[in-house]
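Q: Make a model of this:
(2 chains)
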Amino acid sequence: MAKTEAEKASDKLEKTAQSKKAQEKLTGLAETLYNQFLQGIVPHITLPSRTKGNIEFSTKDDVWVYGDQETTRSVKTVRGAKTLLKTVHLTELLIKEHLKNNRGSTLREIYYISENWDIAKFHEQAESDHLIEDLEIVTNLHREDFHVRPEEDGAAVFGPLRLREQTRRGEREMHCQEDVGEAGYQIPFNVDNIEFLGHDAKMVIAIETGGMYARLIENGFDEEYNAILVHIKGQPARSTRRIIKRLNTELNIPVVVFTDGDPWSYRIFASIAYGAIKSAHLSEHLVTPKARFVGVQPSDIVDYNLSTDKLTDQDMQALRSELTDPRFNTPYWDKQIKLQIDLKKKAEQQAFAGKGLDYVTKTYLPERLTEMGII
Amino acid sequence: MEIAEELAKQQKAISVAEFFEKNRQILGFDSAPRALITCVKEAVDNSLDACEDAGILPDIFVQIKKSGDYYRVIVEDNGPGIVPEEVPRVFAKLLYGSRFHTLRQSRGQQGIGISAAVLYSQLTSGKPTKVISKIAPDRPAYYCELLINTAKNEPEILKSEEVDWERPRGTRVELEMEGSYVRSRRQSVFGSLKSTAIVNPHARLTLVEPEGNVEVFERVTESLPKKAYAIQPHPDGIELGELIKLLRYTDKKKLRVFLKETFSSIGTISAQELCNRAGLDPEELPTAIGHAEATRLLMAFKQIKVKSPPVDCLSPIGEELIKAGLEKEFRLDFIATTVRPVSVYSGNPFLVEVGLGYGGELAKESRLEILRFANRVPLVYQQGACAITHAVESVSWKNYSLGQPTGSGVPVGPAVLLVHIASTNIPFTSESKDAVADMPEILTEIDLGLKEVSRKLRRYLSRQSVLSDRREKEEIIRKILPRIAKKLSDVLEKPEPDIGPVVAKIMGNLLVFRRLEQQNGHLAVRIMVENHSDLVRSFQLHEVLAEEAVAVSPVAKVIPMGDGYDHHWKLSVGPGESTILSYTVHSDGGPKKEPVVEGLEAEIVTGARVI
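A: Alright, predicted model coming up:
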């Protein structure tokens, strides 16, 4: 599977081409605004509205994407005008600093760079993050194409997988069981710098908590069942979702998601399997429609008699909100969520420890995975 | 002896003094703090009335002193003084006064107030009231100590003598009584004097509090309020019994003369018309008119439209002084005032004045403060029972930009309301003069006054919001748009775009812009005019050229000037519409300056000079 020199050269060309494309698209945005001035049209940009009410299921890729509702950002209001000014500043930064000089910044750095932009300064990082997502939508590109990277670490991976990573200091080849420590292999923010070389896996298990990830490694679940374990660390970063998707589509390995049994964890699953509302423009790139939910299911609370906590008011509200979320509009989720509202209880992954440290690897997971037809 | 005859022996007249002795709450002496307030208020009212009658700018000194278990109240004025023979009855006989029988606006009406204070003082402290009065600089001052003989309602003079007093004229009264001094709320001597100062901007009031603290409410005007003149009763709302009484005791020999002379606002013509309508002979002797005829006459009164009573029986504060008074006591952003025309209830002329202060340092979330006044006297107690409050509560304030959480009641917002009722006879709900009775005519007038000032407030607020809209747009145009244009030209490395057309659109302006095009040796010029406002814009557009243009469309008027030709068009462009003017000149004969617009304000025009 190793790449030839010719392939590498073409990779490099492709990268230059991608960078050129990004420059063109960003310049195009600036030109649109410039021409609006010339034509006496009040400068504005139009974006899909990024709300729960405006996501719809794309049958083409089986993922959730933005619908037809649009919002217009124009200079008619002070708010809109300031946002557009910031957009233009950001565009200049991306074109002149990033793409032309082949440099990059993190999301946080961009927020700090705006310190010098006077009235165009961002008030908080969420504002610049949001604007970069807007630029992704307008240009139909990814922030990596603008050389913008996130702060947070990607997931850790542990399992029978061999890969090669293109790092700034050269290529690194490794096996994710043999060449890594107990924490596993730390994936880079740009997952597309990874090349899969080979594997021996029958499944990918994406795990919400570090405790459960470590438990499965300690109990040797990866070896016993040929499983690639992915620690998703709470709400999954884009790179985490991207690697899960690549493992699923490129290597054809089935993916299951194992989280706590509460409404917030179902949203983690949803962002992996269906797409996130905030980044539905990237669904085709990040979402793994074939991913399936192992648990903890509300019905497990009853079936396995797990020790539980009471649902808080916020939990109840989140569950009710999920009942109206189009992504959860399936008979399975409808039944499970309603059951949980009746139970008024939630359970953590660690609740299985109450039945012995081996219970989850010897009993629960084998039973559930058999039920799901994976083993 | 029959039982009835036995009982008859026990029947006897009750003196008013005895009556009030047992019913002091009627006069406003029902609690210790209130007693002090009422006492000061009665004395100050008398002083203000006396000063105004004499044409003197009032300078009133009030001192409250602790004296053992009691309080000593001293009120001193620079008024005309009272002649020695009258002093005892003015202060120590209830229902004695100069104002009860005249129809004229004054603070005091029945002659109860100050003597009630004397009565309360002698009841609680057992001490006599001490009075000094001086009527001229060259006359000695008269001093006396008084009690009221309650059984007879007559003054008892304990001591009287001539004394030296440093004032050129004036009156000083000193009473000792049970009481309790509070400050820091509106229902206090301080609060009541502060309110008095608001509606008596011509008076200087000085208060020395028990702890020695001195407060001066300085006058804001040197001119006395217009003097109120006594008038005859007005026919509107007069009652049958009153009419019969007037007819029976008149000395006029002819009905038409009686009508003309007895009532205000009735002249020869309306007297004649009244007689015709009532079927009465104008020459008839008034005393000969019987019950049936009087009833017909009363009907006639109701049928004809009599003009309003003359204003000069009343002395309104006036819009300017209401404003000055409010400004003096509150920090405000906006004040609206109104003085309603004179109106009549039950034959009594009255008028309503309203002042509304808004914004400034007033609390945004609390109910607005209502300052109630009747004949320039602040009404402090029983706000809930007062016609003024009732009128305020029944206005739908949400229509006027103030909150009214339950849909009725006193509104919430950063506002203060001042309502003054002036009348020859204020219909109080009780003798303590705390609240004005709900007379329908008065309620209507207050309502109209409130709505007038509220409309002014609403206009002010909507103007403010238009201004802030405009300010917001200006910020976009001044600060943000040029920067966007500059940045875009940086990014694209192109010349900075003209932001004029976009500015015109955002500001809702009239946009004028010119396009030049070289066409085989000629210069074709087009002037586009776009109206982005909501109104039709009519104006003249001038284009000064070195030569006379050809192919001018539409046809322009051309006037030769010293160094060229002024081409001008009369234009009228509807909202959202545009028009195009075009002409052709030699290729080097293009316009040197921007087009000129005549007849519009500069700030609503973009892309042209305005003259």
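Q: Can you name the residue of chain A nearest to chain B?
A: Closest to chain B within chain A is A:Gly40: 3.0 Å, counting by CB to the nearest CB. (Each C-beta comes from the backbone N, C-alpha and C, glycine too.)
Q: Contacts only, for that residue.
A: Taking CB atoms under 8 Å, 6 or more residues apart in numbering or on different chains, we find A:Gly40 in contact with B:Pro501, B:Val502, B:Ala504, B:Lys505, B:Leu511, B:Phe513, B:Glu530.
Q: Going through those residues, which ones are buried?
A: Those of the contacts of A:Gly40 that meet the buried threshold are B:Pro501, B:Val502, B:Ala504, B:Lys505, B:Leu511, B:Phe513, B:Glu530, by 16 or more other CB atoms under 10 Å in any protein chain shown.
Q: Pipe the residues you listed into JSON lines and attach pLDDT, distance to chain A and secondary structure per row.
A: Shown next, in JSON lines, are the buried ones among the contacts of A:Gly40 (pLDDT from 0 to 100; distance: CB to the nearest CB, whole Å; DSSP: H, G, I helix; E, B strand; the rest coil):
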{"residue": "B:Pro501", "pLDDT": "85", "distance to chain A": "3", "secondary structure": "helix"}
{"residue": "B:Val502", "pLDDT": "87", "distance to chain A": "6", "secondary structure": "helix"}
{"residue": "B:Ala504", "pLDDT": "83", "distance to chain A": "8", "secondary structure": "helix"}
{"residue": "B:Lys505", "pLDDT": "84", "distance to chain A": "5", "secondary structure": "helix"}
{"residue": "B:Leu511", "pLDDT": "89", "distance to chain A": "7", "secondary structure": "strand"}
{"residue": "B:Phe513", "pLDDT": "87", "distance to chain A": "8", "secondary structure": "strand"}
{"residue": "B:Glu530", "pLDDT": "90", "distance to chain A": "8", "secondary structure": "strand"}
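Q: Take those and write them to a markdown table, including distance to B:Cys39.
A: Output for the buried ones among the contacts of A:Gly40, formatted as a markdown table (distance: CB to CB, whole Å):
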| residue | distance to B:Cys39 |
| --- | --- |
| B:Pro501 | 74 |
| B:Val502 | 71 |
| B:Ala504 | 69 |
| B:Lys505 | 69 |
| B:Leu511 | 72 |
| B:Phe513 | 78 |
| B:Glu530 | 74 |
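Q: can you confirm B:Gly357 is in a strand?
A: Yes. Applying DSSP: H, G, I helix; E, B strand; the rest coil, one finds B:Gly357 inside a strand.
Q: Touching, it and B:Arg331? I think so.
A: No. Here B:Gly357 does not reach B:Arg331: they are 9.1 Å apart, not a contact under CB atoms under 8 Å.
Q: any weak-confidence spans in the chain?
A: Since no chain was named, I'll use chain A. A:1-4, A:6-9, A:11-12, A:153 (pLDDT under 70).
Q: my bad, the chain I had in mind was chain B
A: Checking chain B against pLDDT under 70 turns up B:14, B:17, B:95, B:97-105, B:108-112, B:184, B:237.
Q: Show me which residues of it are close to chain A?
A: When proximity is defined as CB under 8 Å from any CB of the partner chain, chain B approaches chain A at B:472, B:475-476, B:479-481, B:483-485, B:487-492, B:494, B:497-499, B:501-502, B:504-506, B:511, B:513, B:530.
Q: continuing past the longest helix along chain A, what's the next helix or strand?
A: If you go by DSSP state H, chain A has its longest helix at helix A:5-38. Scanning forward in sequence from helix A:5-38 by DSSP states H and E, the next helix or strand is strand A:44-48.
Q: tell me the angle that following strand makes with helix A:5-38.
A: Between strand A:44-48 and helix A:5-38, the angle comes out at 130 degrees (axes from the mean of the first three to the mean of the last three CA atoms, to 10 degrees).
Q: partners of strand A:44-48 in the sheet?
A: Each strand that pairs with strand A:44-48, with its direction, by DSSP bridges: strand A:70-74 (antiparallel).
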